[in-house]
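>>> how would this look folded up:
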Amino acid sequence: MAAVLAVLEQRDGTVKKISHEVLTAARALADRMGARVVAVLVGPPALAADGLGTYGADAVHHVADEGLKLYQPGAYTAAVVDRAKATGASVIVLGATALGKDLGPRVAARLGVSFAGDVTTLSHEGGVTVSRPAYSGKAVYRVTISKLPCVISVRPNVFEPVNNSKAGTVEVASLPPDADDPRVRTLVVKAPERAAIDVAEAPIVVSGGRGLKDPVNFKLLEELAAAFGNAAVGASRAVVDAGWRPHGDQVGQTGKTVSPGLYIAVGISGAIQHLAGMRTSKVIVAINKDKDAPIFKIADYGIVGDLFEILPRLTSEIKKIKGS
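Numbering: from 1, shown residues only. Reported below is the predicted structural model:
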């Protein structure tokens, strides 16, 4: 039986949310193809692989090795390629995250197959058909890959995790003997000092631009994000270039592409570079004192006014709704 291989991610011993989205996308595609879904999870033996069947995995292959707690390009590539060959995978699906953007092309090159990155739709129509925004979101291109196997990465927060109520078997797989690559080795991963949700994974993103006037005023955005409880704070390129926020917060063509359920743009005019990174958000709210700001053209809801008056009131109302 044909197989769709879903490549999962873990961090600090915990399976990441993007893995559930990848499984959901893989399950939907496999159902159209009449295929099974095999998930591959690379990491230390202590990883909890149970329960992944509920997101659509018929089987989970846990490539367990204590040395793989951190992403190691050579070893991860070898592990995924080995599982792809062992399962006869027709399609390999992974997340378009920092890890996936490095791993996906490596796997495709090793297998000598096609690669489609950062896709927002995935279907089977005489081949694997994918689509994604192009030209800074001004157009959407659609491509059908007729020759399989292929490797595809899916944009985070696009495929809503779905419970498929499958049992999903778990088996431990060994790391291929030639997996080590001494040329590139990850020694340590430094996380931001403040505990924060990555903007690329957050269900709600509150972003600020030059309209905030001073970096200290990002406290208003942080308070609003804290009121939501599951939100991340993002920033425009101009703000990052000015040194107000770290590059990891930047949303846009040269920053991170986000697709949250709710995106709140505060004091952001809406340059095309920024729109390219967030226009696929499900609901967009813009707050700006300039009624002619380009951001309002793509916003679902717009508030024309002084953000320094609006944000505290909005935060207060969210707290009331949340009962905090």
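>>> all helices of the stretch 101-250 of the chain, in order?
Secondary structure of the stretch 101-250 of the chain by DSSP state H, counting those that start in this stretch: the helices cover 218-228, 237-241.
>>> for those, give me JSON lines that also has mean neighbour count and distance to Lys138.
For glycine as for every other residue, the C-beta is placed from the backbone atoms N, C-alpha and C. Listed next are these as JSON lines, based on neighbours: other Cβ atoms under 10 Å; distance: least, Cβ to Cβ, whole Å:
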{"stretch": "helix 218-228", "mean neighbour count": "20", "distance to Lys138": "28"}
{"stretch": "helix 237-241", "mean neighbour count": "18", "distance to Lys138": "18"}
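>>> JSON lines please, covering those and showing mean pLDDT and distance to Ala96.
As requested, those are exported to JSON lines (pLDDT from 0 to 100; distance: least, Cβ to Cβ, whole Å):
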{"stretch": "helix 218-228", "mean pLDDT": "96", "distance to Ala96": "23"}
{"stretch": "helix 237-241", "mean pLDDT": "94", "distance to Ala96": "20"}
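>>> including distance to Val130, could these go into a markdown table?
What follows is the helices of the stretch 101-250 of the chain, written out as a markdown table (distance: least, Cβ to Cβ, whole Å):
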| stretch | distance to Val130 |
| --- | --- |
| helix 218-228 | 32 |
| helix 237-241 | 28 |
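>>> for Pro105, which of the ones you listed is the nearest?
Closest of those to Pro105 is helix 237-241, at 25.2 Å (criterion: Cβ to Cβ).
>>> now the angle between helix 218-228 and the following helix or strand past the closest one, please.
Remark: after helix 237-241, the chain's next helix or strand is strand 262-266, criterion DSSP states H and E. Strand 262-266 runs at 160 degrees relative to helix 218-228, counting by axes from the mean of the first three to the mean of the last three Cα atoms, to 10 degrees.
>>> and strand 262-266, what does it pack onto?
strand 204-208, helix 218-228, helix 272-278, strand 283-288 (3 or more Cβ pairs under 8 Å, 6 or more residues apart in numbering; DSSP states H and E).
>>> re the thing from before, who wins for proximity to Gly117 among the helices of the stretch 101-250 of the chain?
Between those, helix 237-241 lies closest to Gly117; by Cβ to Cβ that is 21.6 Å.
>>> any idea how far the spatially most central residue of the chain is from Glu309?
The residue lying closest to the centre of the chain (Cα atoms, centre = their mean) is Pro156, at 2.6 Å. Noted for Pro156: a distance of 33 Å to Glu309, by Cβ to Cβ, to the nearest Å.
>>> show the model's pLDDT score for the residue nearest to the centre of the chain.
Per-residue pLDDT puts Pro156 at 89.
>>> got the contact list for it?
Shown in contact with Pro156 (Cβ atoms under 8 Å, 6 or more residues apart in numbering): Ile18, Glu21, Gly95, Ala96, Thr97, Ala200, Glu201, Val258, Ser259.
>>> show me the contacts for Val4.
With contacts defined as Cβ under 8 Å, 6+ apart, Val4 is in contact with 26-27, 29-30, 33, 35-38, 89-93.
>>> pLDDT at Val162, what is it?
82.
>>> how close does it get to Val304?
When Val162 is compared with Val304 (using Cβ to Cβ), they lie 38 Å apart.
>>> likewise Gly117?
From Gly117 across to Val304, the span is 37 Å (Cβ to Cβ).
>>> more neighbours: the two, which one.
Ranked by neighbour count (other Cβ atoms under 10 Å), Gly117 and Val304 place Gly117 first, with 18 against 14.
>>> which residue packs closest to the more buried one, ignoring adjacent ones?
Ser153 (4.8 Å; Cβ to Cβ, 6 or more residues apart in numbering).
>>> burial of that neighbour, as a residue count?
Neighbour tally, Ser153, other Cβ under 10 Å: 26.
>>> do His62 as well
22.
>>> quick one, what contacts it?
By Cβ under 8 Å, 6+ apart, the contact list for His62 reads Leu41, Gly43, Leu47, Ala49, Val170, Glu171, Val172, Ala173.
>>> so where's the stretch 201-324 of the chain uncertain?
Residue ranges of the stretch 201-324 of the chain with pLDDT under 70: 324.
>>> next, Ala75: secondary structure please.
helix (DSSP: H, G, I helix; E, B strand; the rest coil).
>>> how close does it get to Asp178?
Applying Cβ to Cβ, the value for Ala75 to Asp178 is 10 Å.
>>> who has more neighbours, those two?
More crowded of Ala75 and Asp178, by other Cβ under 10 Å: Ala75, with 23 against 10.
>>> how about the contacts made by the residue lying closest to that one once chain neighbours are set aside?
Using Cβ to Cβ, 6+ apart and skipping the chain neighbours, the partner closest in space to Ala75 is Ala179 (4.4 Å). Taking Cβ under 8 Å, 6+ apart as the criterion, Ala179 is in contact with Gly74, Ala75, Ala78, Ala79.
>>> okay, Ala179 and Val38: tell me how far apart.
19 Å.
>>> please apply the same query to Tyr263.
34 Å.
>>> same check on Lys256?
29 Å.
>>> okay, these two: which has more neighbours?
Just comparing Lys256 and Val38: by other Cβ under 10 Å the higher neighbour count belongs to Val38, 26 against 22.
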